[in-house]
Structure formats: C-alpha cells, structure tokens
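Undergrad: Predicted coordinates and the sequence they were generated for:
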Amino acid sequence: MVSDLHPPIDADPVPRRQWHVSLLRILGKPLPDRLYMSLAHWVYFRRWPDFEHPRTLQEHIQAYVLRTRDPALVMLADKIAVRDYITRTLGSARYNVPLLGTWSHEAEVPLATLPYPVVLKPSHLSGRVLLLSRRGDERRQRARMRSWLNKDHSRINREWFYAQVPRRVIAEPLLRDAHGDVPPDIKAYVIGGRVRYFQVDGGRFTRPTRNLYGPDWSLLPARTSLPRHPTEPAPAMLTTLVEFAERLAAPFEFLRVDFYVIGEQVLVGELTSSPGAGFGRYYPASFGETLASHWALDRRVARSAPVTTTPALPALTAHKDMLP
C-alpha cells in the first residue's frame, strides 16, 4: 500500500547518514566548486581526492563534473529533453516511460483529472518523486511541487548542468507488472563504453534494498550502503539491456542508464552522468578502485557503434571491510 503523499526518495540518502556534509553545503556556499568538492570528499570519505589522477569511481565522477562543460550533460539531466535522445538512439519512442504531461507552475497541474495512480517529479532535480495513488490533499501536494520549482539542484553538490535545465513538473503513470507490483529499478553502470555492473534497487516505496550484479548477472561480492535483498533471476531481456545501455552511453565517458523491465517490455527511466554526485560508498572500498580502472578519459565513440559482446567484470574477492 502506497501512501498518497510519499516523502522524497533518495536512493542513497547522504544527509541522513552524514549530517556534517549537509552542514558543509551551507557553510561552503561561497567556495569555488573545486575547493568545495575537495572538502566535501574529505568530509565524506576521510581522504583527499586527486581530481587530476582519480583513483576511484567516486573521484572520477566528481572530476568529470568539474572539468566537463559538454552541453550534452544538460540534456541528460533534463527528464523531458532526454526522451528525444533516447528515441533517436534506440530508434523508437516506445522505450520511454509514458509521459502524461508537463507544467511550468504547480497551479497548472490538473490534480483533479490525472489518471491515478500517477507519479509526479521535477524535470530538473534528482531523487525527488511524489507518488499519488488517488486524489488527496491538493494544498500539500502543490506545496511540494512549488518547493521543487524553487530549488536549484546545482548548488547542492556543484553539478552545474542542473542549473540550465528548465524547471517543470512532469507526470508519468505508475508502472506495474502483471502482478500489480512496482517493477524494480535496474541501473546499468557504463564505464569506458561497456556495462561494468547492474544495480538493482528494490523496495523503493517501502524499505530500500540494493543488489549488485555483473554484466552476466552473477551476484558481485560487493555492495553499497543499502542492505541486500534475495537474489532475483536475470531478466529475460538482459542482452537487450546491455546493448541499449552501451548504445546510449557511447558518446560519454560514463553513464548510468536506468531501466524498468515489465515482461518483455524494456523502458528507459533516466540517464545520469553523476549518480549521487560521486558520494556513494562501496563495500569493499576496493570495488570503487576496480571500477576506476575502466574509465577512459575523453572517449570519442560513434553513437551508432555496434554492440556485439558483453565483457565480463574482472573477478572480485571478498575483502575484510566488506559488511555482511
């Protein structure tokens, strides 16, 4: 059962786990981006980053944001504009999550006539969603949307491209599988042009969990800050997921591609160039170093480059700092 007014969703809720990072965001507003990110990295990881020679995936993501001014990153961050890129790259609009409408002001959203259940989200923010199963308290709902439209996400972790995304509210239908359940989020991490691992998020609207799988869907001996859930079978469309993710990521050094699989239907949810702004933990920490070894600077790959193989992730062994 999903409540009418669900709190904002954060896949990796940094503010609750690291209050001092939130304090730094407030006190560090006058600081230039590079200095702020260096301090925030130290506060979060207790080590100084090397943005010139990144050693972990987290450092690579942050260095990528600091040195890259490619306007394509603005398109990726825009939940409306990115749909056209997905359509052109994959050859059909059917791979986009259906769009019910877009609005520039919270008062314009037709809450009385939306086809419930529905998902509302801002086009210019990350990790914010309002899940409505039926009509509810419109005053509270519009207040939530107004807070979205007044927020500049680029100032949270200096992800500059969010500042250039038009601020709008979008509506999508709530996706459900044949059993009426919300399908899990399947996120493909493409580094150096190839899928290196899949992240599967479960319990998004209840108790968040997360598993990490290799490109062949073998459970990896690594995890993030969220607890694991029982392993799920490989999607029947796994080969398609790998192909689509690598095709969408071809022009970029790095990309996370979010999928939903409903039966044999593949939908692309979002494309992300800086998940968590690089503030995500891996256990063991060496997993982030393994992923960093695949990063290729200034990749120049044709958008239509064929994808014929699925390279396996190098074997990982258990590490003493891996949590149960």
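TA: Structure received. The shown structure was predicted, so the numbers you read here are calculated from the model rather than taken from an experiment.
Undergrad: What sits closest to residue 65 if chain neighbours are left out?
TA: Taking C-beta to C-beta, 6 or more residues apart in numbering as the measure, residue 65 lies nearest to residue 274, with 5.1 Å between them; neighbours along the chain are not counted. In short, each C-beta sits where N, CA and C put it, glycine included.
Undergrad: how close does that neighbour sit to residue 105?
TA: In this structure, residue 274 lies at 28 Å from residue 105, with C-beta to C-beta, to the nearest Å as the measure.
Undergrad: Pick out whichever of those two has more residues nearby.
TA: residue 274 (24 against 13; other C-beta atoms under 10 Å).
Undergrad: Check the more buried one and give its pLDDT.
TA: pLDDT recorded at residue 274 is 98.
Undergrad: Look at residue 98 and say how many residues are nearby.
TA: Close neighbours of residue 98, defined as other C-beta under 10 Å, add up to 11.
Undergrad: in this protein, which helix or strand is least confident?
TA: Evaluated with mean pLDDT, DSSP states H and E, the helix-and-strand set of the chain has its lowest mean pLDDT in helix 14-17, which scores a mean of 43.
Undergrad: Would you mind pulling up the elements that whichever helix or strand comes after it packs against?
TA: Scanning the chain past helix 14-17 towards its C-terminal end, the next helix or strand to appear is helix 19-27 (assignment: DSSP states H and E). Taking 3 or more C-beta pairs under 8 Å, 6 or more residues apart in numbering; DSSP states H and E as the contact definition, the neighbouring helices and strands of helix 19-27 are helix 14-17, helix 33-45, helix 154-157.
Undergrad: Now do the end-to-end distance for stretch 157-176.
TA: This stretch, stretch 157-176, spans 33 Å end to end (C-alpha to C-alpha, to the nearest Å).
Undergrad: quick one, phi/psi of residue 178?
TA: For residue 178, the backbone dihedrals (degrees, to the nearest 10) come out as phi -60, psi -20.
Undergrad: and stretch 120-132, what's its mean pLDDT?
TA: Averaging pLDDT along stretch 120-132 yields 94.
Undergrad: Sorry, slip of the keys, the one I care about is stretch 203-223.
TA: When pLDDT is averaged along stretch 203-223, the result is 91.
Undergrad: any weak-confidence spans in the stretch 1-150 of the chain?
TA: By pLDDT under 70, the low-scoring segments of the stretch 1-150 of the chain are 1-19, 21.
Undergrad: Tell me which stretches of it form strands.
TA: Using DSSP state E, counting those that start in this stretch, the strands of the stretch 1-150 of the chain run over 101-103, 118-122, 130-132.
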